[in-house]
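Asker: predicted model and sequence follow; I will ask about them next.
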Amino acid sequence: MSAPPRNRIRAEQLKLRSLGAADSTALASFSCGEPDLDDFLRSDALRLQAQRVAYTYLAFFDATLVGYMSMLADAVVLETKERKRLSLSSQDHPSVPALKIARLGVADSFRETHCGTGLQGA
């Protein structure tokens, strides 16, 4: 028995915006199937954003919360061979700035019905 076909996403149906204090109702019904990720979104994301540690962006599909991503600033420390490959001198800084995706969740219900979202094992 084959799985039902999954729908393609049209860009105009997907809206991204920053997490805000008024989003508690949308957060309460969100589930990506990973309790730790769901709990982070409900309990920690807004607090960390207020402290300017991590910023969370919500994805809405036809006005329903279907996913989120939390990002934070980071740095990558370069090994000597990487510094040489990038033609960096010994006087250049030993690390480069980076943006880290700290948390990422896609709603189970959305992943099951829409093509290419939250692929497991990818």
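Answerer: Structure received. Numbering: from 1, shown residues only.

Asker: for Gln13, see how far away the nearest residue in space to Leu14 that is not next to it in sequence is.
Answerer: The spatial neighbour of Leu14 that comes closest, neighbours along the chain excluded (CB to CB, 6 or more residues apart in numbering), is Phe61 at 5.5 Å. Every C-beta, even on glycine, is put in place using the N, C-alpha and C of the backbone. With the distance defined as CB to CB, to the nearest Å, Phe61 ends up 6 Å from Gln13.

Asker: of these two, who's got more company?
Answerer: A count of neighbours by other CB atoms under 10 Å puts Phe61 above the other of Phe61 and Gln13, at 18 against 13.

Asker: correct me if wrong: that one contacts Thr113.
Answerer: No: assessed by CB atoms under 8 Å, Phe61 is found out of contact with Thr113, at 9.9 Å.

Asker: name the helix or strand for Asp74, please.
Answerer: Using DSSP states H and E, Asp74 falls within strand 64-77.

Asker: and the next helix or strand past that strand?
Answerer: Counting by DSSP H and E, the element that comes right after strand 64-77 along the chain is helix 80-85.

Asker: buried ones in that following helix?
Answerer: Arg83 (16 or more other CB atoms under 10 Å).

Asker: now do that helix: distance to the chain's middle.
Answerer: Using CA atoms, centre = their mean, to the nearest Å, the mean C-alpha position of helix 80-85 is found 30 Å from that of the whole chain.

Asker: and that helix, what does it pack against?
Answerer: Packing contacts for helix 80-85, counted by 3 or more CB pairs under 8 Å, 6 or more residues apart in numbering; DSSP states H and E, involve no helix or strand.

Asker: quick one: mean pLDDT for it?
Answerer: In this model, helix 80-85 has an average pLDDT of 88.

Asker: residues contacting that helix, please?
Answerer: Outside of helix 80-85, the residues within contact range by CB atoms under 8 Å, 6 or more residues apart in numbering are Asp92, Pro94.

Asker: next one: stretch 63-78
Answerer: Outside stretch 63-78, the residues that touch it by CB under 8 Å, 6+ apart are 19, 23, 26-27, 29-30, 32, 40-41, 45, 48, 53-60, 86, 88, 94-107, 110, 117-118.
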